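K.L.:
Got a sequence here, can you build the structure:
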Amino acid sequence: MNDTTKGHCLGYTRVSSEDQNTARQLDGLSFDKAFTDKASGRNANRPQLTALLGHVREGDTVVVHSMDRLAHNLDDLRALINQLTGKVVRVEFLKEGLTFTGEDSAISRLLLSVVGAFAEFERALIRERQREGIEAAKKAGVYNGRKKTLTAIQVNDLRQRSETGESKASIARDFGISGETVYQYLKAAPDA
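P.N.:
All right, here's what the predicted structure looks like:
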């Protein structure tokens, strides 16, 4: 981890939903400050990642459990690492055993691309297997879809608030759902 005395050691953890636990990601490690997001990696608006990027200073070290916790795809991963190392911040990925400083060798940059590409490929395979499993369950008549997040009363309230002109972001925040979910409820038939 951070072997310099001038910078701070910062941890970043992320899980995809509120009910997931980040404890296993950086378990047993101590940091000067830790940042935790509970949002999909696809979500570009991750408040704690934004806070981390605004907080880091030259000489700091950012420790992340694995590459897929920091970014959803290879392009985002490269951009975030470049942004951090451009501030002379060291980035460590524990699972992959890789560290990036901005003064990385050609082999380090290659490893970033290869490992990042494999992580992206692995996520694609998981999604594909999930879709296949859902299709098989539907054919067998045992898949009812995902449980509805909101009750019928809440959906009615959501629609009324939207009709009065309240912003979708505000409604999403109040109900603890994503903006996309708000749009899905609004576009669904009222009795659905």
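K.L.:
how does this protein divide into domains?
P.N.:
Following automatic domain parsing, one gets these domains for the chain: 9-115, 152-187.
K.L.:
Now the longest one: average pLDDT?
P.N.:
Averaged across domain 9-115, the pLDDT comes to 88.
K.L.:
Could you do the shortest one as well?
P.N.:
The average pLDDT for domain 152-187 rounds to 89.
K.L.:
Centre of the chain to that domain, how far?
P.N.:
Offset of domain 152-187 from its chain centre (Cα atoms, centre = their mean, to the nearest Å): 23 Å.
K.L.:
and if you look at the longest one?
P.N.:
Going by Cα atoms, centre = their mean, the spacing between the C-alpha centre of domain 9-115 and its chain's C-alpha centre is 10 Å.
K.L.:
Can you name the residues bridging to the nearest residue to residue 22 once chain neighbours are set aside?
P.N.:
Closest residue to residue 22 in three dimensions, ignoring its sequence neighbours and counting by Cβ to Cβ, 6 or more residues apart in numbering: residue 13, at 4.0 Å. Backbone N, C-alpha and C define where each C-beta goes, glycine included. For residue 13, the beta-bridge partners are residue 36 (DSSP bridges).
K.L.:
could you measure residue 52 against residue 114, distance?
P.N.:
Residue 52 is 25 Å from residue 114, where distance means Cβ to Cβ, to the nearest Å.
K.L.:
host element of the residue nearest to residue 168 when sequence neighbours are not counted?
P.N.:
Closest residue to residue 168 apart from its sequence neighbours, by Cβ to Cβ, 6+ apart: residue 182 at 4.9 Å. In this structure, residue 182 sits in helix 179-187 according to DSSP states H and E.
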